[in-house]
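# Got a predicted structure plus its sequence, pasted below:
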Amino acid sequence: MRCRTLDELPWSRRYSVGPALTSEIGRLVALAVPEIPAMRIIEPAIRRVHERNPDSILAVRGRKGLEGGVALLHLNRQGLAALLDGTFAPAEPRLEHLTLAHETPAAIYGWALYLPGLLVAALGNVMRLLQSPRYAAADIYARPATFKAEGFQAHVGFAPCPGGPEGLNVYRRSSAAAPQRPEQEKTPRRNIEIKIGHGAEDLLMVYSIRSAVYLAEQACPYAEEFDGNDWVSTHFIGFVDGEPACSLRARYFGDFVKLERLAVRKEFRTTRVAFDVVRAAVRHVRRKGFRRIYGHAREGLEKFWAHFGAKPLERQIDLIFSDFRYTEMYAEYPPLNDAITIESGPYVIIRPEGEWDQPGPLEASRERPARRPEPEVERRIRAA
């Protein structure tokens with residue numbers, strides 16, 4: 001019988017696999033430590049990676065609840081280059097080598113795996129997630145820690161990485177690597193991308209999405225939906241297969257951010273675009289230095305916001321507006337190591353919103369010599 005490759009592993013109906021909640025990280029580490037003692041040592045790194053990209057840490061749940069987990073490092077091009085030249089440090093991965101949740105990785109590194117006994121069947125479920133358009137073309141790299149792991153990797157299609165450091169294996173992907181199962185043909189994977197609004201055209205997309213949801217579906221009065229706060233907000237737009245599908249805005253106050261106006265067009269509500277948009281927004285505002293997030297969850301949607309660590313405020317207010325009842329929710333997060341501060345430097349601070357990790361247009365202007373003010377202007381400045 002022909003050996004099944006990694007992409008051909010069958011998935012199990014006994015288990016479900018999805019991004020771990022922040023509250024589950026400690027439990028996952030505790031489960032794995034008896035067999036993988038090093039997990040306790042790298043737990044702080046696991047938490048930092050999860051903060052940057054929650055999709056990196058996958059929880060495996062069965063009849064007994066949380067039973068195992070898989071940790072993956074989603075590498076950008078810089079991270080892949082470091083992995084191949086031997087400068088990548090798996091025990092303490094640099095965050096600038098990793099993608100955010102809504103970005104497409106250049107490669108995936110198998111960081112840690114805890115699937116004891118029959119739980120190994122959930123690996124097929126993990127691969128089903130990695131067959132989505134965002135991950136399907138990303139080669140998977142891993143270092144086998146035991147002879148058993150080395151044998152398994154060879155069995156499912158891994159091979160020594162040519163030109164890479166000793167002990168590094170790679171599983172090459174191709175467009176035909178993932179066989180289509182009948183249920184996948186009926187519900188094909190959708191490509192989801194998130195962007196931050198930067199101009200009038202982006203704001204028109206936001207208005208169109210919210211008009212379709214709130215004005216058309218919920219008959220919300222125009223003046224209640226478009227309240228004059230859109231020009232003082234950051235807007236996040238979710239795209240499904242290139243089509244504007246979801247929007248969310250953030251407004252900033254002294255020591256907290258309010259996330260609001262989450263809208264998903266009806267035809268895209270079976271996708272995960274809402275989860276990706278909120279994750280991107282939470283990550284964004286935390287990088288701006290905010291640790292407290294506040295919002296209003298419509299009655300019945302409190303569990304959705306709980307996925308991001310939010311919980312109801314203790315005060316009890318019967319909050320009703322625009323014909324619906326809402327619950328005040330808040331979440332508090334630890335500070336991010338890569339949050340933008342004064343110490344980040346002036347050129348980082350003046351980069352376009354959300355694009356702080358790549359040089360901006362004003363940095364290119366350094367190549368031009370600085371001009372002195374006109375004499376008359378300079379004289380007036382001194383006089384002032």
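That came through, no problem. Fair warning: this is a prediction, and the values are worked out from it, not measured in the lab. Numbering: from 1, shown residues only.
# by contact count, what packs against the host helix or strand of R47?
Assigning secondary structure by DSSP states H and E places R47 in helix 43-52. With contacts taken as 3 or more Cβ pairs under 8 Å, 6 or more residues apart in numbering; DSSP states H and E, helix 43-52 sits against helix 25-32, strand 57-62, strand 65-75, helix 273-287. Placement of C-beta: from N, CA and C, glycine included.
# 10 Å instead, please
Helices and strands in packing contact with helix 43-52 are listed as helix 25-32, strand 57-62, strand 65-75, strand 107-114, helix 273-287; criterion 3 or more Cβ pairs under 10 Å, 6 or more residues apart in numbering; DSSP states H and E.
# Can you check which of those gets nearest to S12?
For the helices and strands packed on helix 43-52, proximity to S12 was assessed by Cβ to Cβ; strand 57-62 is nearest, at 9.1 Å.
# The closest one - contacts with which helices or strands?
strand 16-19, helix 25-32, helix 43-52, strand 65-75, strand 107-114, helix 123-129.
# before we move on, the earlier item: ok, and for the helix holding R47, which residues are buried?
Of the residues in helix 43-52, E43, A45, I46, R48, V49, H50, E51, R52 count as buried by neighbour count, 16 or more other Cβ atoms under 10 Å.
# quick one: contacts for the closest residue to Y333 other than its chain neighbours?
Taking Cβ to Cβ, 6 or more residues apart in numbering as the measure, Y333 lies nearest to R291, with 5.2 Å between them; neighbours along the chain are not counted. Taking Cβ atoms under 10 Å, 6 or more residues apart in numbering, we find R291 in contact with D255, F256, V257, V285, A331, E332, Y333, P334, P335, L336, A339.
# Same check on R27?
Counting by Cβ under 10 Å, 6+ apart, the residues that R27 touches are A20, L21, A59, G65, L66, G69.
# any idea of the pLDDT on it?
We have a pLDDT of 91 for R27.
# Give me the distance between it and P34.
In this view, R27 and P34 are 13 Å apart by Cβ to Cβ, to the nearest Å.
# now swap in K303 and tell me
Between K303 and P34 the distance, using Cβ to Cβ, works out to 32 Å.
# Return the residues in contact with the residue positioned nearest the centre of the chain.
Within the chain, one residue has its C-alpha closest to the average C-alpha position: by Cα atoms, centre = their mean, that is A101, at 1.9 Å. Taking Cβ under 10 Å, 6+ apart as the contact definition, A101 lies against 19, 52-56, 74, 134, 192, 194, 275-280, 282-283.
# which ones are touching the residue lying closest to Y114 once chain neighbours are set aside?
Ranked by Cβ to Cβ, 6+ apart and with sequence neighbours excluded, the top spatial neighbour of Y114 is A32, at 3.9 Å. Contact criterion Cβ under 10 Å, 6+ apart gives A38, M39, R40, E43, G68, G69, A71, A112, L113, Y114, L115, P116 as the residues in contact with A32.
# ok, A32 to D318 distance?
Applying Cβ to Cβ, one obtains 45 Å for the distance of A32 from D318.
# Now render the helices and strands packed on strand 57-62 as JSON lines, adding distance to T87.
Output for the helices and strands packed on strand 57-62, formatted as JSON lines (distance: least, Cβ to Cβ, whole Å):
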{"stretch": "strand 16-19", "distance to T87": "28"}
{"stretch": "helix 25-32", "distance to T87": "26"}
{"stretch": "helix 43-52", "distance to T87": "17"}
{"stretch": "strand 65-75", "distance to T87": "13"}
{"stretch": "strand 107-114", "distance to T87": "14"}
{"stretch": "helix 123-129", "distance to T87": "27"}
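# Can you say which of those is nearest to P346?
Each of the helices and strands packed on strand 57-62 has some distance to P346 by Cβ to Cβ; the shortest is helix 43-52, at 24.3 Å.
# Return the angle between stretch directions for the closest one and helix 273-287.
Helix 43-52 runs at 120 degrees relative to helix 273-287, counting by axes from the mean of the first three to the mean of the last three Cα atoms, to 10 degrees.
# from the middle of its chain, how far away would helix 43-52 be?
From the chain centre to the centre of helix 43-52 is a distance of 13 Å (Cα atoms, centre = their mean, to the nearest Å).
# quick one: average confidence on that helix?
Per-region confidence: helix 43-52 scores 92 on mean pLDDT.
# just the angle between it and strand 57-62, please?
Taking the same axes, to 10 degrees, helix 43-52 and strand 57-62 form an angle of 100 degrees between their directions.
# Just the CA atoms of helix 43-52, as CSV, please.
This file holds the C-alpha atoms of helix 43-52, laid out as CSV (Å, rounded to 0.1, in the frame of the first residue of the first chain):
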residue,chain,number,x,y,z
GLU,A,43,6.5,28.6,28.0
PRO,A,44,7.2,32.4,28.0
ALA,A,45,8.2,32.1,24.3
ILE,A,46,5.1,30.2,23.5
ARG,A,47,3.0,32.9,25.1
ARG,A,48,4.8,35.6,23.1
VAL,A,49,4.3,33.7,19.9
HIS,A,50,0.6,33.2,20.7
GLU,A,51,0.2,36.9,21.4
ARG,A,52,1.6,37.7,17.9
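# the helices in the stretch 251-384 of the chain, which residues?
Read by DSSP state H, counting those that start in this stretch, the stretch 251-384 of the chain holds these helices, from start to end of the chain: 273-287, 302-306, 346-349, 361-364, 375-383.
# which strands and helices sit next to the third one?
Looking back up the chat, that one is helix 346-349. With contacts defined as 3+ Cβ pairs under 10 Å, 6+ apart, the packing partners of helix 346-349 are helix 361-364.
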